[in-house]
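**Q** Could you work out the structure for the sequence below:
(chains A and B)
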Amino acid sequence: MDKQHRYLPTTKQDREEMLATIGISSVKELFSDIPESTRATKEKTIELEDALSEQALIRHMRTLAEVNITTDTHAYFIGAGTYDHYIPSVVNHVLLRSEFMTAYTPYQPEASQGELQALFEFQTMMCELTGMDVANSSLYDGFTSLGEACNLATSVMKRNEVLYSKALHPQAKEVVHTYAYGMEYDVKEVGLEDTQTDLKALKETISNDTAAVIIQYPNFYGTIEDLQAVKELCETTKTLLIVMANPLALAVLESPGKLGADIVVGDTQPLGLSMSFGGPHCGYFAVKKKYMRKVPSRIVGQTTDQDGKRGFVMTLQTREQHIRREKATSNMSSNQALTALASAVFLSTVGKVGLQEMAQLNINHAHYVKNQLKDKGLEVLSSDAFFNEFVVKCSEPIEDVSKKLLQQSIVSGYDVSHYLGTDNALLLCVTEKRTKQEMDTLIDVLIGEGK
Amino acid sequence: MNTTYNDLVFEISKKGRQAFSLPESSIETTDLSDVVPAHLQRETPAELPELSELLVMRHYTALSNKNFGIETGFYPLGSCTMKYNPKINEDIARYSGFANIHPLQPEMTAQGALELMYRLEENLKEVTGMDAISLQPAAGAQGEWSGLLIFKAYHEANGEGDQRRKILVPDSAHGTNPASAVVAGFDVVEIKSNQEGRVSVEALKAAIGPDTAGLMLTNPNTLGLFEVDIVEIAEIVHAAGGLLYYDGANANAILGKSTPGEMGFDVVHLNLHKTFSTPHGGGGPGSGPIGVVDYLTDFMPSPRIEKDGEIFKLTYDHPKSIGRVKGYYGNFGVNVRAYAYIRSMGAAGLQQVSEDAVLHANYLKARLEPYFDTPYKSICKHEFVLSGNSQKKLGVRTADIAKRLLDYGFHSPTVYFPLIVEECLMIEPTETEAKETLDAFADALIEIAKDAEENPDQVTGAPFTKSVRRLDEVKAARKPIVIYQRETDEG
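**A** As a prediction, the model looks like this:
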């Protein structure tokens, strides 16, 4: 390179001095151990577009960004696992503190107390919401957390089968199948009664070979499942209950822990994380105490320093790959620490009362839209027991509905016709961010009275 | 800087405080009790903090003051590539057109996002010499696991699934390698390194056979040494019917110098949060895309991205795919930053990155060699290992040296890894550090080596300047306290 790059401080003079200290005459010698047949040459080298200045980079990236429709200009009524919620400004300001953002995994706890404490607080918040005893400090996302939960369940139960409800998120099902392909256990689906898990079918399918039953809470179609009834069935075969829960809904719904869940997982995206086209989000993973030593990935624990002062460290590390290698409980190394921090800041800001109020606003908005659509003649496929999502049967294909809504600056819900096996089924989500005007426009278009 | 603050967020909470306001809503209230049975309504609210907005900011600012990041100081953590994380990439990832888009919104309304993913894949193909890329894996370990599931699917497609159950892993490998092999359903066979710190071709020949699914290799390896026999190794693995996996954790050493494709690898993962400058965030999020050679593309995770004329599309019809490994399309926001980085560097810039990274490592090594045991004398790539064995004889362990470095305003190197080096210090300076910083770090380590001889308490008692003294990790594991104890907390 002829020009000094803005990220690279080493000058020509620096290079010469360093080479002299090493005792060689050219940088080329440092690469002489790469076998010649595999070495890049002038003719055989990587080709990329030319480097951009910061200004040119901004121009290019803005061009790509501006093509996309965003929540700035459109009202989103789509959820299906990723939600358009309000994020208080403070969340981003904390994330931008480079002491958090540019740190690595806290391998030297004395230099990482801030992050370790924040993650300890995150774990506590997750246990509060889920009603569980122990939570880890994050996994990649909700679906991979579920995959890890299945690996844990089949391993501790020494059973080779996992059942999930048909009302589990379709992508969660796919991820579970991939985990099962790795660890070689069977996965079966239990059908639905309307938009709720069919308990009779579950009773017929569950057996002493079933390691765990997976229920989403509220489920993919928005319906609030009766975890207690599922737990009772699980007890007959000593099967574990895995719940994948929306943590915002847990502000008002009874905690899965209290209803008997053995493992609770999910994604904290509704708690202060940008949708970001699907990631980075943040998986959470909480268990009853007896499974603490089987939990995947990093857990922060409280301890004291040599002067007796409270401090925090990564703990129970004998579960982990960097100590136990092939005997680890999981292969996870990098997790989602920064997005976990974001959710902790979010929960600290919204607070105990604010979270309940926010959840209530979601209920109010979603039920208002549902009631209006029902009153105006559309068939609602979900029962009334839902949080902020429900399924409605439209009078025309969802693709057409979606186009009409886009003209009104609305991003429609998610087409679930294929999953439910019925035409024109639309999964709608109404969060606290939606205004009455936006809801009324949506309603008008859906009942065919749109402009 | 306030480093004496020691409160938990729960301890500064006071009933009645609010740091958040919701908009007024004219929509009528729906009573949850009208729609769900009583036992599904929450009885006791979650005990979350109640603060004002300033209290929130003070709390987290105080915590950040007790944390060390790259912008705090030199962070030479081996195999972690703690290079500068460009600020502009943070701005870009926050553009509404990247941050505020839903993964399931119609593809035609997210063409810019899909184009970015497509372009990044094309760039990564070039950097790795692979034929196809998937951006889905969330981090390196997930890339490893995905790659090994591809091994599995490939052998099954050839009717050898039941036969090829073993993955060979060198004893110097990252811990994720054997752990990933196990969660992909394989048995692990460890291959001993030779005297020079490289894979022993003899040991490989002895271990490989018709039951081998493949070999995982990091090149340069975790000792910072290039596997000079890589061509022969690839031939041996392929001749035995196995596949070769490239752990890209150390790819910062070879950009524009060679590619895993040229070396004969079949599957590659890259850690975009290492080589491609995205922030580590205190442990994540990362991004661990995988690349494969042409005969393995059918097994890649689904969905994949395709350019059809001027339109970018996600495709889902891949019957031989190992399936989905993560929600949506990977850690998109991380991938945005990595793409911005590649565009900021260009091919010549990336090559300069590797040249400077390798030069810096060799320079530091040359400066430190007279004071520490250096188990491997040959030139290194982007990182190198020292052994604290001589200091250990004086009663100063590598752990002490690491803690003492914190007092000098540096982060410590990776310690006690790789496992095959006693009292190991694994040092990776990266290309973004100035020579003055490297010199200051070398001076500090030399002074610590002298203190180990003359004034060992100064080292074994460290750290003295952090918010806490040495922490009791044994106590933490023996009596685990992993959530805030409201009643019994001693404050």
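
**Q** which residues in the stretch 101-250 of chain A form strands?
**A** Taking DSSP state E, counting those that start in this stretch as the criterion, the stretch 101-250 of chain A carries its strands at A:134-135, A:161-165, A:186-190, A:192-193, A:196-197, A:210-217, A:240-245.

**Q** Take those and lay them out in CSV including mean neighbour count, mean pLDDT and distance to B:Thr460.
**A** For glycine as for every other residue, the C-beta is placed from the backbone atoms N, C-alpha and C. Shown next, in CSV, are these (neighbours: other Cβ atoms under 10 Å in any protein chain shown; pLDDT from 0 to 100; distance: least, Cβ to Cβ, whole Å):
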stretch, mean neighbour count, mean pLDDT, distance to B:Thr460
strand A:134-135, 25, 98, 34
strand A:161-165, 25, 98, 50
strand A:186-190, 16, 98, 53
strand A:192-193, 16, 96, 64
strand A:196-197, 22, 97, 59
strand A:210-217, 26, 98, 48
strand A:240-245, 27, 98, 47
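
**Q** Leaving out the residues flanking it, which one is nearest to B:Leu63?
**A** A:Gly114 (3.5 Å; Cβ to Cβ, 6 or more residues apart in numbering or on different chains).

**Q** so can I have TSV of the strands of the stretch 101-250 of chain A showing distance to A:Leu378?
**A** Below are those laid out as TSV (distance: least, Cβ to Cβ, whole Å):
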stretch	distance to A:Leu378
strand A:134-135	40
strand A:161-165	26
strand A:186-190	28
strand A:192-193	20
strand A:196-197	20
strand A:210-217	25
strand A:240-245	29
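
**Q** Can you tell me which of the ones you listed is nearest to B:Ser412?
**A** strand A:134-135 (28.3 Å; Cβ to Cβ).

**Q** partners of the closest one in the sheet?
**A** Strand A:134-135 has the following strand partners under DSSP bridges: strand A:283-287 (antiparallel).

**Q** So what are the sheet partners of the very next helix or strand once past the partner strand and their directions?
**A** Following strand A:283-287 in sequence order, the next helix or strand is strand A:299-304 (DSSP states H and E). Strands that pair with strand A:299-304, judged by DSSP bridges, come out as strand A:310-315 (antiparallel).

**Q** wait, does the next helix-or-strand element following the partner strand contact chain B?
**A** On the C-terminal side of strand A:310-315, the closest following helix or strand by DSSP H and E is helix A:321-324. Yes. Applying Cβ under 8 Å from any Cβ of the partner chain, one finds helix A:321-324 touching chain B at A:321-324.

**Q** How about the backbone phi and psi for B:Lys313?
**A** phi -130, psi 150 (degrees, to the nearest 10).

**Q** can you count the residues close to it?
**A** 17 (other Cβ atoms under 10 Å in any protein chain shown).

**Q** can you check A:Ala111 too?
**A** Neighbour count of A:Ala111, defined by other Cβ under 10 Å: 29.

**Q** Would you mind splitting the chain into its domains for me?
**A** No chain was given, so I picked chain A. Domains of chain A are assigned by automatic domain parsing as A:75-86+A:351-446, A:89-346.

**Q** My question was about chain B, not that one.
**A** Split by automatic domain parsing, chain B gives B:89-344, B:353-475.

**Q** doesn't A:Ser207 make contact with A:Leu163?
**A** No. Contact criterion Cβ atoms under 8 Å: A:Leu163 and A:Ser207 do not qualify, at 9.3 Å.

**Q** looking at the domains of chain A, which is buried most?
**A** domain A:89-346 (a mean of 23; mean count of other Cβ atoms under 10 Å in any protein chain shown).

**Q** Do me a favour and get the end-to-end distance for that one?
**A** Domain A:89-346 has an end-to-end distance of 9 Å (criterion: Cα to Cα, to the nearest Å).

**Q** Which parts of the stretch 301-450 of chain B are helices?
**A** Ranges of helices in the stretch 301-450 of chain B, per DSSP state H, counting those that start in this stretch, are B:332-368, B:389-393, B:398-407, B:435-454.

**Q** any idea how far the last one is from the chain center?
**A** Per Cα atoms, centre = their mean, to the nearest Å, the displacement of helix B:435-454 from the mean C-alpha position of its chain is 27 Å.

**Q** tell me what it is packed against?
**A** helix A:12-22, helix B:332-368, helix B:398-407, helix B:457-460 (3 or more Cβ pairs under 8 Å, 6 or more residues apart in numbering or on different chains; DSSP states H and E).

**Q** What residues sit buried inside the longest one?
**A** The neighbour-count criterion (16 or more other Cβ atoms under 10 Å in any protein chain shown) identifies B:332-368 as the buried residues of helix B:332-368.

**Q** residue boundaries of the strands in chain B?
**A** With DSSP state E, the ranges of strands along chain B come out as B:132-134, B:166-170, B:187-191, B:212-218, B:243-248, B:267-270, B:290-292, B:304-308, B:311-315, B:384-387, B:414-415, B:424-427.

**Q** Pipe the ones you listed into TSV and attach distance to chain A per row.
**A** Shown next, in TSV, are the strands of chain B (distance: least, Cβ to the nearest Cβ, whole Å):
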stretch	distance to chain A
strand B:132-134	13
strand B:166-170	8
strand B:187-191	4
strand B:212-218	12
strand B:243-248	11
strand B:267-270	12
strand B:290-292	13
strand B:304-308	12
strand B:311-315	10
strand B:384-387	12
strand B:414-415	7
strand B:424-427	11
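
**Q** As CSV, the ones you listed with mean pLDDT would be great.
**A** Shown next, in CSV, are these (pLDDT from 0 to 100):
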stretch, mean pLDDT
strand B:132-134, 98
strand B:166-170, 97
strand B:187-191, 97
strand B:212-218, 98
strand B:243-248, 98
strand B:267-270, 98
strand B:290-292, 98
strand B:304-308, 97
strand B:311-315, 98
strand B:384-387, 98
strand B:414-415, 97
strand B:424-427, 98
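
**Q** Among the ones you listed, which comes closest to B:Ser52?
**A** strand B:414-415 (40.9 Å).

**Q** what residue ranges in the stretch 201-350 of chain A score low on pLDDT?
**A** For the stretch 201-350 of chain A, no stretch has pLDDT under 70.

**Q** Test my guess that A:Tyr164 contacts A:Leu192.
**A** No. Using Cβ under 8 Å, A:Tyr164 is not in contact with A:Leu192; the gap is 11.7 Å.

**Q** out of all of them, which helix in chain A is the longest?
**A** helix A:337-375 (DSSP state H).

**Q** which element follows it toward the C-terminus?
**A** Remark: after helix A:337-375, the chain's next helix or strand is strand A:379-380, criterion DSSP H and E.

**Q** Return the list of helices and strands in contact with that next one.
**A** Counting contacts by 3+ Cβ pairs under 8 Å, 6+ apart, strand A:379-380 is packed against helix A:337-375, strand A:389-393.

**Q** Which among the ones you listed is found nearest to A:Met292?
**A** Counting by Cβ to Cβ, and looking across all of the helices and strands packed on strand A:379-380, nearest comes helix A:337-375 at 18.3 Å.
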